[in-house]
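Q: Could you look at this predicted model? Sequence included:
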Amino acid sequence: MIHTYLGQTIRFKIRYKKRTSISISIDLYGNVEVQAPKGISDEHLIQALEEKWEWIQQKRKEMKDRTNGPTVKTYDHGESFLYLGKEYPIRISHDIDIQQDYVVFKEEELHIFVKQLEDEKVRQALKRFYYQQCKMLVEKSIKCYQSNFKSKPRSIKITDNKTNWGTCDSKHQLTFNWRLAMAPQSVIDYVVVHEMCHMVHLNHDRSFWRLVGKIIPDYEQQENWLALSSWRMTV
């Protein structure tokens with residue numbers, strides 16, 4: 001089925017099943033599949049699609065962008081970077097009198113102050129900012145959820161781990177990926193709770209996931225955000 005609405009044409013794969021409602025799914029390549037009740041009229045089907053049209057367009061774009069991979073970042077005014085789950089533009093200021101390059105988040109912008117106007121200096125300033133923010137956000141989350149645990153973390157470190165968002169060893173030493181500062185607070189909370197649950201259950205058995213689910217009931221939603229957005233979390 002092909003339908004044009006709001007100047008955009010989309011091809012839909014329709015599957016009719018024994019169900020009472022319409023379900024819309026979009027695969028990693030932006031293809032749209034609709035599962036609809038048997039006997040539904042074309043009029044009602046099209047109406048349902050048009051009601052979800054903006055959502056469909058947004059998700060198709062997200063999936064296609066993810067498939068294409070991250071774009072190469074520039075370090076000029078207006079380039080956007082993720083912070084707490086949202087994209088914010090950067091504003092760069094040249095100040096030869098500062099002792100160290102730094103970043104301040106204010107007025108919906110990431111203000112970057114550097115001694116030298118070089119891309120690498122800007123990138124390193126951003127990275128330090130994310131390290132600092134990640135430490136602060138993780139500690140805040142641990143404090144918030146500590147009442148759910150008898151044990152406390154022995155140490156907390158922020159690392160550049162390329163394979164994990166967080167880890168917990170047998171000594172209750174926790175480490176977290178600095179890129180988590182780019183994720184929404186709810187995602188940070190989930191990763192923190194996930195690692196704190198390993199202080200109780202070192203593996204991923206049923207008891208572990210029951211404990212995670214008890215504290216973060218929507219943890220699968222947070223995992224899904226990471227799965228779909230991790231490719232955007234870069235400087």
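A: Cool, got the structure. The structure presented is a predicted model; accordingly, all values stated were derived computationally and were not measured.

Q: C-terminal to the helix-or-strand element of the chain with minimal mean pLDDT, what's the next element?
A: Lowest on mean pLDDT, DSSP states H and E among the helices and strands of the chain sits helix 53-68, with a mean of 80. As assigned by DSSP states H and E, the chain's next helix or strand after helix 53-68 is strand 80-83.

Q: other SSEs contacting that next one?
A: Counting by 3 or more C-beta pairs under 8 Å, 6 or more residues apart in numbering; DSSP states H and E, the packing neighbours recorded for strand 80-83 are strand 86-94. Quick note: C-beta positions are derived from backbone N, CA and C, even for glycine.

Q: returning to what we had before: by contact count, what packs against the least confident helix or strand of the chain?
A: Under the contact rule (3+ C-beta pairs under 8 Å, 6+ apart), helix 53-68 is packed against strand 8-17, strand 23-26.

Q: now with 6 Å?
A: Secondary-structure packing of helix 53-68 (3 or more C-beta pairs under 6 Å, 6 or more residues apart in numbering; DSSP states H and E): strand 23-26.

Q: Show me what the mean pLDDT comes to for the strand it packs on.
A: Computed over strand 23-26, the mean pLDDT rounds to 90.

Q: Count the neighbours of the nearest residue to Ile2 once chain neighbours are set aside for me.
A: Spatial nearest neighbour of Ile2, excluding adjacent residues (C-beta to C-beta, 6 or more residues apart in numbering): Arg11 at 5.1 Å. Applying other C-beta atoms under 10 Å, we find 9 other residues in the vicinity of Arg11.

Q: ok, Arg11 to Leu226 distance?
A: 30 Å (C-beta to C-beta, to the nearest Å).

Q: one step back: list the buried residues of the least confident helix or strand of the chain.
A: 56, 59-60, 63, 66 (16 or more other C-beta atoms under 10 Å).

Q: what residues does it touch?
A: With contact meaning C-beta atoms under 6 Å, 6 or more residues apart in numbering, helix 53-68 is reached by 5, 26, 28, 30, 231.

Q: any idea which of those is closest to Lys162?
A: Within the contacts of helix 53-68, the smallest distance to Lys162 is 13.2 Å, found for Trp231 (C-beta to C-beta).

Q: How about the secondary structure of that closest one?
A: Of the three states, Trp231 takes helix under DSSP: H, G, I helix; E, B strand; the rest coil.

Q: Against Tyr83, how distant is it?
A: 16 Å.

Q: more crowded one of these two?
A: Tyr83 (18 against 13).

Q: and that one, bridged to which residues?
A: Lys86 (DSSP bridges).

Q: for this protein, which spans come out with low pLDDT?
A: Residues of the chain meeting the criterion pLDDT under 70: 28-29, 66-71.

Q: Show me what the top helix by length along it is packed against.
A: In terms of residue count, the longest helix belonging to the chain (DSSP state H) is helix 119-145. Contact here means 3+ C-beta pairs under 6 Å, 6+ apart; on that basis helix 119-145 packs against strand 102-106, strand 109-114, strand 155-159, helix 185-197.

Q: Please compute how far whichever strand or helix holds Glu43 lies from its chain's middle.
A: Here Glu43, judged by DSSP H and E, is contained in helix 42-51. Helix 42-51 sits 31 Å away from the centroid of its parent chain (C-alpha atoms, centre = their mean, to the nearest Å).

Q: thinking again about what came up before, make JSON lines from the buried residues of helix 53-68 and add distance to His201 to it.
A: Putting those into JSON lines (distance: C-beta to C-beta, whole Å) gives the following:
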{"residue": "Ile56", "distance to His201": "40"}
{"residue": "Lys59", "distance to His201": "35"}
{"residue": "Arg60", "distance to His201": "39"}
{"residue": "Met63", "distance to His201": "34"}
{"residue": "Arg66", "distance to His201": "32"}
